[in-house]
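What follows is a predicted structure for the sequence shown.
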Number of protein chains: 2
Amino acid sequence: MPLMPSWIASANDPTGDFPLNNLPCGVFSNDPHDARCGVAIGDQVLDMAAIEAAGLITLSETPVFDLPYWNDVMDLGPDAWETLRARLIDLLRDDAPEQAQVAPHLVPLTDVRLHLPLVVSEYTDFYAGRHHATNVGTMFRGADNALPPNWLHIPIGYNGRASTVVVSGTEIRRPNGQLKLPDADTPHFGPCQRLDIELEMGAVVGGSTEMGQPVTVAEADQMIFGYVLLNDWSARDIQAWEYQPLGPFQAKAFGTSISPWIVTRAALEPFRSDTPAREVDLLPYLREPGPMLYDIDLSVLIMPDGGKEEVIARTNYTEMYYSAAQQLAHHASSGCAMNVGDLLGSGTISGAGKDQRGSLLELTWGGRDPITLADGQTRTFIEDGDTLTLTGHAQGDGYRVGFGACAGTILPAVEFP
Amino acid sequence: MPLMPSWIASANDPTGDFPLNNLPCGVFSNDPHDARCGVAIGDQVLDMAAIEAAGLITLSETPVFDLPYWNDVMDLGPDAWETLRARLIDLLRDDAPEQAQVAPHLVPLTDVRLHLPLVVSEYTDFYAGRHHATNVGTMFRGADNALPPNWLHIPIGYNGRASTVVVSGTEIRRPNGQLKLPDADTPHFGPCQRLDIELEMGAVVGGSTEMGQPVTVAEADQMIFGYVLLNDWSARDIQAWEYQPLGPFQAKAFGTSISPWIVTRAALEPFRSDTPAREVDLLPYLREPGPMLYDIDLSVLIMPDGGKEEVIARTNYTEMYYSAAQQLAHHASSGCAMNVGDLLGSGTISGAGKDQRGSLLELTWGGRDPITLADGQTRTFIEDGDTLTLTGHAQGDGYRVGFGACAGTILPAVEFP
């Protein structure tokens, strides 16, 4: 599919994140207006609440855009999502008859503050990147036992903490926690010394299931409203001491950043891609009826306090072994009720190459092999004042579907009472 | 403290769960009225929405009781909780002047349907019972490695699934999942064969913390609004295959039952009790300034389909090694934001004796030693049609503070698509 031209000139920039093909969903405020739903187009935000109030879009009898979250729109279901996209394309395409009515409701992106685009009902994080699981497993258990025995059969996941999912730009405070040094008999309590990122995609669930009722992978795919970039900030030293036997807890609870724009599944359709070949057959409930990953180029950037931003890793979402649809079908397979606003982290996305790894743990091989930045500084793990940014886009024919940045700056740990 | 006499005669029964000393918080409906807040007193429910509408209690400028959850009341904070309790005692004590105004707003418990008393923001489950951890560890890792090395230092916990926390009486469907039989090379998918209960107390968080801000144990204690009985239904065979390396997921996601009444911390004050002596010193952030457990007698009952109910285990909440206040302080220690409506499961409560164990896994020692019921049937794990019930009360001087039952009946697994 080629670029869909828009009467908003900046949307036709082939290197821009937000052409008419994209139309991602965010929440924004601009003085003196409260946070409400908006759609990014070029270098503008379309004020969806204003468009709705003007009668240019009607999805429901009660307003659904004059709210600081997209949950109510998602709750209307896939037919409404399609209607919305079709109507937005009609309003914004280069020969749209309503240009004069729409134009007053555009706000420059530079003038707005972006907020979390949804109320996160619950947050689940998976472990579905084969290179990541192999790298981490090799470091911790040796190359022969790198992949756990269940890994090729089951999309391993755990429940994360929804209360600390924040929008890009929110500062993240270095966590305190119990740390046990290798030569210590007992743990001490203090600031994390091995603070890390995890480069992930987040799938936003737009539908729901009843408790006790599973869904097929095909149904799960249709329940996904869209995708965001997701940084699952991780305290490796807290995790090492706490995670046996019940998994990561406070090592992941202090913050998870997502990009401000939910890129809809519809915008990503042209980029569907197969999961990798299976080494062992999957159980029937996990088999995919078609391609359910997406070809999305991903980058990790670091910027030291007062320094210059530079790329430290590049990879692609197609490195995943399990798709979000498979993860969602697995999630509901026990009868677990899924809800609108559930957020599913893909798991860390790493490629095969040394510079394709989605965490510092892997990039520096557990801190043994520091990376050197352009200004000569080195890093093993994140230092106070560092800004870590994820970016991503799917490359189309003369356009790209981008996610905007997912960035966070690290503040020093609080002194403990 | 002795029984506080009430003009409602049934509240003065020394063996009843709901004397004036208790005043637990629930949500009820009775045809044709919608679900709203109520307080149990004797064999009656006091309709709090009606009492508020009649001007007999005012906690806030906007109504807070005409809602199907107690979250808004909790959000008003500890001063409001105290005001509420004092006012209810004034209205319901034997010499209350407003008896005639209050009486029309009592509804017999037999005429109401009880609902989940709160919107569960997030659900966290802990692993803080020493006998339970030792029993399970002995079965899985041998007696010499029963307790994980971190267990005496850290209140081990994991994030659970809030969407399937249900009120007592809700039927629970046997989950399907990936199961790997000991002699099989690969897993299959099918109904859980080792379905179990976990006898726990649930602490209901009534306050909140900001992301990045820890709390002391003393502050955490004051944030707890009250306690419920909690059954953390568990699929042992699903868990065994899935839980490495990131912890339990679908094995616990299909359902968690709680008792319908939140017994407030205030009602439990006379029953405060110390945690057990420490084998190793706790880190300062976990040290308790006073007794933070409660002396609550707990029982597990089973009733086969069409059969008779009988007790299979008895224990006490004082068996916990960590209190809910310690768990909450640990939960926030990394900077994890805590919210009103968060639910913290204590972990399975088992005593030292064979008949004091809070799970069938322990009672039948992994299924090797079946229990025999009064009618001659045996059980290793739960069968379809079985009803499992938890009960609990604190024994006062001539009264008791009870929780009501936490019951669930198991339905057969769904046939998978």
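Good, I have the coordinates.

all contacts plus neighbour counts: C-alpha atoms, from now on.
Will do.

Tell me which residues touch the residue of the stretch 1-150 of chain A found nearest chain B, please.
Here the residue of the stretch 1-150 of chain A nearest chain B is A:N150; by C-alpha to the nearest C-alpha that distance is 6.8 Å. Taking C-alpha atoms under 8 Å, 6 or more residues apart in numbering or on different chains, we find A:N150 in contact with B:W241, B:E242.

Dihedrals phi and psi, A:S299?
Reported as degrees, to the nearest 10, the phi and psi values for A:S299 are phi -130, psi 150.

Run through the bridge partners of it.
Applying DSSP bridges to A:S299 yields these beta-bridge partners: A:R314, A:T391.

neighbours of it, just the number please.
Here the number of neighbours of A:S299 (other C-alpha atoms under 10 Å in any protein chain shown) works out to 22.

Relative to chain B, how far out is it?
Taking C-alpha to the nearest C-alpha, to the nearest Å as the criterion, A:S299 is separated from chain B by 26 Å.

ok, now A:G306?
As defined by C-alpha to the nearest C-alpha, A:G306 lies at a distance of 23 Å from chain B.

A:D384 versus that residue, what's the distance?
Relative to A:D384, A:G306 is positioned 12 Å away (C-alpha to C-alpha, to the nearest Å).

of these two, who's got more company?
When A:G306 and A:D384 are compared for neighbours, A:D384 comes out ahead with 16 against 9, by other C-alpha under 10 Å.

What residues does the more buried one make contact with?
Applying C-alpha under 8 Å, 6+ apart as the definition, the contact partners of A:D384 turn out to be A:R174, A:D305, A:T409, A:I410, A:L411, A:P412.

out of these, what pair is the most spread apart?
When these are compared pair by pair using C-alpha to C-alpha, the farthest-apart members prove to be A:R174 and A:D305, with a separation of 14.9 Å.

what about the helices in the stretch 201-350 of chain A?
A:217-223, A:236-242, A:250-253, A:265-268, A:324-332 (DSSP state H, counting those that start in this stretch).

Could you dump the ones you listed into TSV with mean pLDDT, mean neighbour count and distance to chain B added?
Rendered in TSV, the data for these read as follows (pLDDT from 0 to 100; neighbours: other C-alpha atoms under 10 Å in any protein chain shown; distance: least, C-alpha to the nearest C-alpha, whole Å):
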stretch	mean pLDDT	mean neighbour count	distance to chain B
helix A:217-223	98	20	11
helix A:236-242	97	22	7
helix A:250-253	98	27	5
helix A:265-268	98	20	24
helix A:324-332	98	26	7
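
Make a markdown table out of those helices and add distance to A:G169.
Written out in a markdown table, the entries for the helices of the stretch 201-350 of chain A read as follows (distance: least, C-alpha to C-alpha, whole Å):
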| stretch | distance to A:G169 |
| --- | --- |
| helix A:217-223 | 28 |
| helix A:236-242 | 22 |
| helix A:250-253 | 18 |
| helix A:265-268 | 24 |
| helix A:324-332 | 25 |
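
So which bits of the lengthiest helix in chain A are buried?
As assigned by DSSP state H, the longest helix anywhere in chain A is helix A:78-92. By neighbour count on 16 or more other C-alpha atoms under 10 Å in any protein chain shown, the buried set for helix A:78-92 is A:P78, A:A80, A:W81, A:L84, A:R85, A:L88, A:I89, A:D90, A:L91, A:L92.

For the last one, give me its contacts.
A:L92 makes contacts with A:S6, A:W7, A:I8, A:L20, A:Q99, as judged by C-alpha under 8 Å, 6+ apart.

Next: the fifth one.
With contacts taken as C-alpha under 8 Å, 6+ apart, A:R85 has the following neighbours: A:L23.

Would you confirm that A:F28 contacts A:A35?
Yes - the criterion here is C-alpha atoms under 8 Å, and A:F28 meets it with A:A35 at 5.0 Å.

out of those two, which sits in the busier spot?
A:F28 (27 against 23).

Neighbours of the nearest residue to A:P276 once chain neighbours are set aside, how many?
On the basis of C-alpha to C-alpha, 6 or more residues apart in numbering or on different chains, the spatially nearest residue to A:P276 that is not a chain neighbour turns out to be A:Y321, at 6.0 Å. A total of 24 residues lie near A:Y321 under the criterion other C-alpha under 10 Å.

check contacts around A:I349.
Contacts for A:I349 (C-alpha under 8 Å, 6+ apart) come out as A:129, A:131-132, A:198-200, A:315-317, A:319-320, A:357-358.

can I get those residues in TSV with neighbour count, pLDDT and distance to A:A374?
Formatted as TSV, the contacts of A:I349 follow (neighbours: other C-alpha atoms under 10 Å in any protein chain shown; pLDDT from 0 to 100; distance: C-alpha to C-alpha, whole Å):
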residue	neighbour count	pLDDT	distance to A:A374
A:G129	25	94	29
A:H131	23	96	27
A:H132	26	96	26
A:E198	25	98	22
A:L199	31	98	21
A:E200	29	98	25
A:T315	22	98	20
A:N316	20	98	24
A:Y317	26	98	27
A:E319	24	97	28
A:M320	26	97	30
A:R357	27	98	19
A:G358	31	98	19
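
In strands, which of those residues fall?
A:L199, A:E200, A:T315, A:N316 (DSSP state E).

phi, psi of A:I172?
Comment: the main-chain dihedrals of A:I172 come out as phi -120, psi 130, following degrees, to the nearest 10.

Was I right to think it contacts A:L411?
Yes - because the distance of 6.0 Å satisfies C-alpha under 8 Å, A:I172 is recorded as touching A:L411.

Same drill for these two, tell me which one is more crowded.
When A:I172 and A:L411 are compared on other C-alpha under 10 Å, the one with more neighbours turns out to be A:I172, at 26 against 17.

Quick check: bridge partners of the more buried one?
Using DSSP bridges, the bridge partners assigned to A:I172 are A:I410.
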